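K.L.:
Generate a structure from the sequence data that follows.
(chains A and B)
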Amino acid sequence: GQNIDQPTEMTATEGAIVQINCTYQTSGFNGLFWYQQHAGEAPTFLSYNVLDGLEEKGRFSSFLSRSKGYSYLLLKELQMKDSASYLCAAQSGAGSYQLTFGKGTKLSVIP
Amino acid sequence: GAVVSQHPSWVICKSGTSVKIECRSLDFQATTMFWYRQFPKQSLMLMATSNEGSKATYEQGVEKDKFLINHASLTLSTLTVTSAHPEDSSFYICSARKPQGDEQFFGPGTRLTVL
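P.N.:
Alright, predicted model coming up:
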């Protein structure tokens, strides 16, 4: 089966750093995606990890540990516009490339 | 680039009618397209996987006779909600994958309201 777990809500202060954790149990695991979704809009791609380690892209970084079934998204220098839901999604391989999404973490950035 | 469009962006219909939603990859050919449904405050739930020229693969619990998917070309997939009912009201999102690549590119979504 597929199971993705991430916190429901988080609050952080503008300018700060926040880490959003995600644990997964996925058969045929082939990679871990993070998406940002603003209310009423479609998700936008943030990062993709297939190997263990940290991927850095500007203010956003994502980490993966395949042995632990664990990933996190790190957001630095938080801005008010970063208030959104952050979706963790595990990809199944074997040619299907299907994504199983977590329920999302609603991040609120406060002044 | 990798742009995916959806049409319409929102639709309101009466119960019992059918609604067609189009998903287009504008600047690339999409071997595979995916259809998701998202209820308020819920995550995206995969409904079906659509490969060009072949029948769609539906997830467990999704009625293939109610949600008709046609992937007639490498740039267009359509989802038709037949005999829509109020419980079908949701945010429908498609995504497309390039032949070489893992990333899915999402359309802007279609909000369906069935009265």
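
K.L.:
tell me the SS of the closest residue to B:Val62 other than its chain neighbours?
P.N.:
Distances taken as Cβ to Cβ, 6 or more residues apart in numbering or on different chains place B:Met47 nearest to B:Val62, at 4.9 Å, with adjacent residues excluded. All C-beta atoms are positioned from the backbone trio N, CA, C, and that covers glycine. Three-state call for B:Met47 (DSSP: H, G, I helix; E, B strand; the rest coil): strand.

K.L.:
what's the burial count for B:Met47?
P.N.:
By the criterion of other Cβ atoms under 10 Å in any protein chain shown, B:Met47 has 24 neighbours.

K.L.:
Isn't it up against B:Gly61?
P.N.:
No. With contacts counted by Cβ atoms under 8 Å, B:Met47 stays clear of B:Gly61, the gap being 9.3 Å.

K.L.:
circling back to that earlier point, tell me which residues touch the residue nearest to B:Val62, please.
P.N.:
By Cβ atoms under 8 Å, 6 or more residues apart in numbering or on different chains, the residues touching B:Met47 are B:Trp35, B:Tyr36, B:Arg37, B:Tyr58, B:Glu59, B:Val62, B:Phe67, B:Leu79.

K.L.:
and the first one, what element?
P.N.:
Remark: B:Trp35 resides in strand B:32-38, with elements defined by DSSP states H and E.

K.L.:
Near chain A, which residues of chain B? Just list them.
P.N.:
Residues of chain B that fall close to chain A, judged by Cβ under 8 Å from any Cβ of the partner chain: B:32, B:34, B:42-46, B:49, B:91, B:93, B:97, B:102-109, B:111.

K.L.:
could I get stretch B:68-84 in PDB with only the CA atoms?
P.N.:
Extracted in PDB, the C-alpha atoms of stretch B:68-84 (Å, rounded to 0.1, in the frame of the first residue of the first chain):
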ATOM      1  CA  LEU B  68     -14.800   8.800 -19.300                       C
ATOM      2  CA  ILE B  69     -11.200   9.500 -20.400                       C
ATOM      3  CA  ASN B  70     -10.000   9.900 -23.900                       C
ATOM      4  CA  HIS B  71      -6.300  10.500 -24.700                       C
ATOM      5  CA  ALA B  72      -6.700  10.900 -28.500                       C
ATOM      6  CA  SER B  73      -3.400  12.700 -29.200                       C
ATOM      7  CA  LEU B  74       0.000  13.400 -27.500                       C
ATOM      8  CA  THR B  75      -1.200  16.800 -26.500                       C
ATOM      9  CA  LEU B  76      -4.800  16.300 -25.500                       C
ATOM     10  CA  SER B  77      -6.700  14.300 -22.900                       C
ATOM     11  CA  THR B  78     -10.300  14.800 -22.000                       C
ATOM     12  CA  LEU B  79     -12.300  13.800 -18.900                       C
ATOM     13  CA  THR B  80     -16.100  13.600 -19.200                       C
ATOM     14  CA  VAL B  81     -18.100  13.400 -16.000                       C
ATOM     15  CA  THR B  82     -21.300  11.700 -17.100                       C
ATOM     16  CA  SER B  83     -24.600  12.100 -15.300                       C
ATOM     17  CA  ALA B  84     -23.000  14.400 -12.800                       C
END
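
K.L.:
what about the most centrally placed residue in chain B, distance to B:Ala2?
P.N.:
In chain B, the C-alpha nearest the mean C-alpha coordinate belongs to B:Trp35, at 3.7 Å (Cα atoms, centre = their mean). As defined by Cβ to Cβ, to the nearest Å, B:Trp35 lies at a distance of 18 Å from B:Ala2.
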